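Novice: no sequence for this one, just the structure:
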């Protein structure tokens, strides 16, 4: 055994001797069966067998071992005739060694079905304080093949404690109490016969794509109240990464054996070498907040977020409206902007309008031709409407789509649209449709508009995106917004010039690069001119002043707490409150998590005065937000840190700014609840409540019925 760490307990002399003898005997038996290569520090231990299996992945502070003695990798390659030929570790002959604090597992060749492949792989494993780094190198010298996919590292047969939940970063965070149940549900509801379900069940979790999930950050974790296991792909290239979650059958044939890890895509053709040292796994002690700290520590090595304009930081709500829809229906005219739209916004304390479909052809129609409606005065008429709206206060966010090209547009038919759009693995165009319906059934079902997707690497497209930002500024808008630049499409652009078609796995990095260029141009025009995009993903959010999220932030598994705590400087909206149902709970959640209200009545076709419950309640809430705007809107989100909450049925979150702290308190259970909020180092000043909440005079006791809300404000004393 290369490394042994053993501390004998305090026992009588005879018992210590017996225990030592038993330990040595056990070690001798283990050594005979399999040699162990071990790395250890004061927090972690990792051990690899001479067969290349993960024998130990242990938190030394708690004693929890997450390893299940399984193999660490598998690989897939294509030939001109066959796709996804699987090479597994259990049929290979590794060389395992330990030197200078690194365990190396190497393979001079691989075999498949008894045939040798001129492919070499090497895996280096090392300790870095509070996590284990798993590096990989793949060489392909096998003619007429491409190594498509590498699954590594894998923690197989994981003995996950029953109290551990799963945290993924979909929509900023999602939490699931029973990971095995969730994988079975997702694996069993996939398209029939699409996957080899007789071998395993898989939940498709992917960073950063718009897929079954849309992960905001490249990590996931299993956690309890006191410990957990963090998986992070600390990859500054922001390449596509799947967060592997599978169940394999046990001896009885039941799918109970949990495997977790990362899937990467080398696309390594003959003569090439691919390397990756991004993947880390860390057993940790503490709450889930530790996963945020691990990820943020790495993110700080590339994070380039600027401090947003003060008006963005103080933005409570926006009215998101579509002036004209794709099929021609006119919901609002330019003159409504300083009229009814402004008046209704003022009724709920929302001074910002998010304008969609303002151009002549309407929403999702004619892209990328954004020409102001000549029937309403063209550019001059639109510019005047914006100026009139902004008199005596008001902000306008102006919409453009960052990627869609309408196949019926002149840009596509007679311009460069065909040249700069995504092509699939055969060279065919990739298309998307947005099936909005009017009053009948034919349009959405049969006659939807069809779009191709622009490659943001193309200089012609980048030039146009920059021109739109300049035009938004000239119109008098306060911000330019690009839809759909915060995520990766379900499919990507392929290079078909070689023996094998090769996809672009760095679409998010490409989109981030163009957002960086736009932000630089905006800053030259005015530091107050803001930039926004849709979909929450860290690599693109760093260049934006606000994010219009997709999808809901108040669902049964929503846990945007993770992203808000990890990146508190990123301003994020809520979404999908578009009618008059379940208002108090969802609006309270928005206050609790520090989000901007996205007012999108009937999917942006009307205003909040048509939903009177929402209108009345948001007006009350925004009065509270306005009173404490420097704390619960412009302050820093601290989650549950800095205070104590005595009742776990009650949710509470803290915000700080300067010497002040605010604690937002609410609850969703039917029975009335009471809690004590204690804030060490601060003194209670005042509070405001909604929906029947009460606060004692000293601020120590808060009583809440279902969906009540209170905001308690404190001042630092030391």
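Specialist: Sure, I can see it. Small disclaimer: the values here were computed from a predicted structure and weren't measured.

Novice: dump the residue contacts of the most centrally placed residue in the chain.
Specialist: Geometric centre of the chain, nearest residue: residue 216, 1.4 Å, by CA atoms, centre = their mean. When contacts are counted by CB atoms under 8 Å, 6 or more residues apart in numbering, residue 216 touches 169-173, 208, 536-538, 541, 563. Yep, even glycine has a C-beta here, placed from its N, CA and C like the rest.

Novice: 10 Å - rerun?
Specialist: 168-173, 207-208, 486-487, 535-541, 547, 549, 560, 562-563, 566-567, 570, 572 (CB atoms under 10 Å, 6 or more residues apart in numbering).

Novice: can you check residue 152 too?
Specialist: Residue 152 is in contact with 71-75, 89, 121, 123, 134-136, 138, 244, 261-264, 276, 279, counting by CB under 10 Å, 6+ apart.

Novice: Just the ones of the residues you listed in strands?
Specialist: Counted as lying in strands by DSSP state E, out of the contacts of residue 152, are 71, 74-75, 121, 123, 134-136, 138, 244, 261-264, 276, 279.

Novice: Stretch 160-179: end-to-end distance?
Specialist: 10 Å (CA to CA, to the nearest Å).

Novice: The residue nearest to residue 199 when sequence neighbours are not counted is in what secondary structure piece?
Specialist: In this structure, residue 199 finds its nearest non-sequential neighbour in residue 248, 7.5 Å apart by CB to CB, 6 or more residues apart in numbering. Using DSSP states H and E, the element containing residue 248 is strand 241-249.

Novice: Now that strand: average pLDDT?
Specialist: What strand 241-249 shows for mean pLDDT is 97.

Novice: what's around residue 516, how many residues?
Specialist: As a burial measure, residue 516 scores 14 neighbours (other CB atoms under 10 Å).

Novice: Actually, residue 346.
Specialist: 14.

Novice: what about it, is that helix, strand or coil?
Specialist: Here residue 346 takes the helix state, with states given by DSSP: H, G, I helix; E, B strand; the rest coil.

Novice: For the buried ones among the ones in strands among the contacts of residue 152, write the corresponding ChimeraX selection.
Specialist: Paste this into ChimeraX to select the buried members of the ones in strands among the contacts of residue 152, with burial taken from 16 or more other CB atoms under 10 Å:
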select :71,74,75,121,123,134,135,136,138,244,261,262,263,264,276,279
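
Novice: now the chain, which segments are flagged as low pLDDT?
Specialist: 1-33 (pLDDT under 70).

Novice: So residue 168 lies in a helix, does it not?
Specialist: No: Residue 168 is assigned strand when assessed by three-state DSSP, not a helix.

Novice: May I see the domains of this protein written out as residue ranges?
Specialist: Using automatic domain parsing, the domain parsing of the chain gives 1-30, 34-296, 310-402+458-494+504-627, 636-716.

Novice: got the end-to-end distance for the longest one?
Specialist: What it means is domain 34-296. Span of domain 34-296 from end to end, CA to CA: 38 Å.

Novice: Run through the strands of the stretch 301-450 of the chain in chain order.
Specialist: Ranges of strands in the stretch 301-450 of the chain, per DSSP state E, counting those that start in this stretch, are 317-322, 352-356, 395-401, 404-406, 431-433, 450-453.

Novice: which neighbours does the longest one have in its sheet, and in what orientation?
Specialist: As defined by DSSP bridges, the strand partners of strand 395-401 come to strand 352-356 (parallel), strand 479-483 (parallel).

Novice: Figure out how far it is from the centre of its chain.
Specialist: From the chain centre to the centre of strand 395-401 is a distance of 23 Å (CA atoms, centre = their mean, to the nearest Å).

Novice: looking at it, residue 187 is touching residue 201, isn't it?
Specialist: Yes: if you go by CB atoms under 10 Å, residue 187 and residue 201 touch, sitting 3.1 Å apart.

Novice: neighbour count winner among these two?
Specialist: Set side by side, residue 187 and residue 201 show more neighbours around residue 201, with 22 against 19, by other CB under 10 Å.

Novice: Surely that one and residue 249 touch.
Specialist: Yes: at 9.1 Å, residue 201 counts as touching residue 249 under the criterion of CB under 10 Å.

Novice: Is there a neighbour count for the residue nearest to residue 452 when sequence neighbours are not counted? I'd like the number.
Specialist: Excluding its sequence neighbours, the residue lying closest to residue 452 (CB to CB, 6+ apart) is residue 421, at 3.7 Å. Residue 421 has 23 neighbours, counted by other CB under 10 Å.

Novice: Quickly list what residue 421 is bridged to.
Specialist: residue 454.

Novice: thinking again about what came up before, export the strands paired with strand 395-401 to TSV and append columns for mean neighbour count.
Specialist: Shown next, in TSV, are the strands paired with strand 395-401 (neighbours: other CB atoms under 10 Å):
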stretch	mean neighbour count
strand 352-356	25
strand 479-483	25
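
Novice: Quick one: closest of the ones you listed to residue 103.
Specialist: strand 479-483 (45.5 Å; CB to CB).

Novice: The following helix or strand past the closest one pairs with which strands, parallel or anti?
Specialist: Using DSSP H and E, the next helix or strand after strand 479-483 towards the C-terminus is strand 494-495. Looking at strand 494-495 with DSSP bridges, its partner strands are strand 502-503 (antiparallel).

Novice: what helix or strand does residue 256 sit in?
Specialist: Using DSSP H and E, residue 256 falls in strand 255-264.

Novice: Just want the angle from that strand to strand 241-249.
Specialist: Angle of strand 255-264 versus strand 241-249, following axes from the mean of the first three to the mean of the last three CA atoms, to 10 degrees, is 160 degrees.

Novice: one step back: mind putting the strands of the stretch 301-450 of the chain into JSON lines with distance to residue 711?
Specialist: Output for the strands of the stretch 301-450 of the chain, formatted as JSON lines (distance: least, CB to CB, whole Å):
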{"stretch": "strand 317-322", "distance to residue 711": "16"}
{"stretch": "strand 352-356", "distance to residue 711": "22"}
{"stretch": "strand 395-401", "distance to residue 711": "24"}
{"stretch": "strand 404-406", "distance to residue 711": "41"}
{"stretch": "strand 431-433", "distance to residue 711": "42"}
{"stretch": "strand 450-453", "distance to residue 711": "44"}
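
Novice: closest to residue 669 out of the ones you listed?
Specialist: strand 317-322 (26.9 Å).

Novice: Which neighbouring elements make contact with that closest one?
Specialist: Packing contacts for strand 317-322, counted by 3 or more CB pairs under 10 Å, 6 or more residues apart in numbering; DSSP states H and E, involve helix 342-347, strand 352-356, strand 395-401, strand 546-548, strand 597-599, helix 612-627.

Novice: quick one, which of those is nearest to residue 510?
Specialist: strand 395-401 (16.4 Å).

Novice: thinking again about what came up before, the residue nearest to residue 452 and residue 455: what is the separation?
Specialist: Distance from residue 421 to residue 455, counting by CB to CB, to the nearest Å: 7 Å.

Novice: what residues are shared contacts of the two?
Specialist: 403, 461, 493.

Novice: Pretty sure the last one sits against residue 403.
Specialist: In this case it means residue 493. No: with contact defined as CB under 10 Å, residue 493 does not count as touching residue 403 (11.3 Å).
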